[in-house]
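>>> My questions concern the predicted model and sequence given below.
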Amino acid sequence: MGRIAAILSDGSVVTWGDAKQGGDCSCVESQLRNVQEIQATGCAFAAILEDGSVVTWGHPEHGGDSSHVTDQLDNQMLCPMT
């Protein structure tokens, strides 16, 4: 099963599909405001916000965990797998 992420006209994000591949952004939903762009890997998403910060979610081994590059990102938020 795949997954989809869409930026809405108000800058928020909606996702659906396989939760293990980023189809569930509920754990970072409150941070997904003023989203300018979304990038995807096979199992994760990264949203770039208007202020330049990055929010990641999805499978941690496929881009959902950006904690190892925290020093290169401004105000990064991430969603750990539960």
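Cool, got the structure. The structure displayed is predicted, hence computed values, not measured ones. Numbers count the residues shown, from 1 in each chain.

>>> Quick check: bridge partners of the residue most central in space within the chain?
The centroid of the chain falls nearest to Thr56 when counting by Cα atoms, centre = their mean (3.4 Å). For Thr56, the beta-bridge partners under DSSP bridges are Ala46, Leu78.

>>> In this structure it contacts Thr41, no?
No - in this structure Thr56 lies outside contact range of Thr41 using Cβ atoms under 8 Å: 9.7 Å. (Glycine included, C-beta is placed from N, CA and C.)

>>> Mutual contacts of those two, please.
Gly63 (Cβ atoms under 8 Å, 6 or more residues apart in numbering).

>>> What does the nearest residue to Ala5 once chain neighbours are set aside show for phi and psi?
Of all residues not flanking Ala5 in the chain, Thr15 sits nearest, at 4.6 Å (Cβ to Cβ, 6 or more residues apart in numbering). Phi and psi for Thr15, reported as degrees, to the nearest 10, are phi -130, psi 160.

>>> quick one: low-confidence ranges for the chain?
Counting by pLDDT under 70, the chain has low-confidence residues at 1, 68-82.

>>> So which residues of it form strands?
Counting by DSSP state E, the chain has these strands, from start to end: 3-7, 13-17, 35-40, 44-49, 53-58, 74-78.

>>> For Asp65, which of these is the nearest?
strand 74-78 (5.6 Å; Cβ to Cβ).

>>> Could you say which of the strands of the chain is packed most deeply?
Neighbour counts (mean count of other Cβ atoms under 10 Å) averaged over each of those peak at strand 53-58, with a mean of 25.

>>> With that, I have no additional questions.
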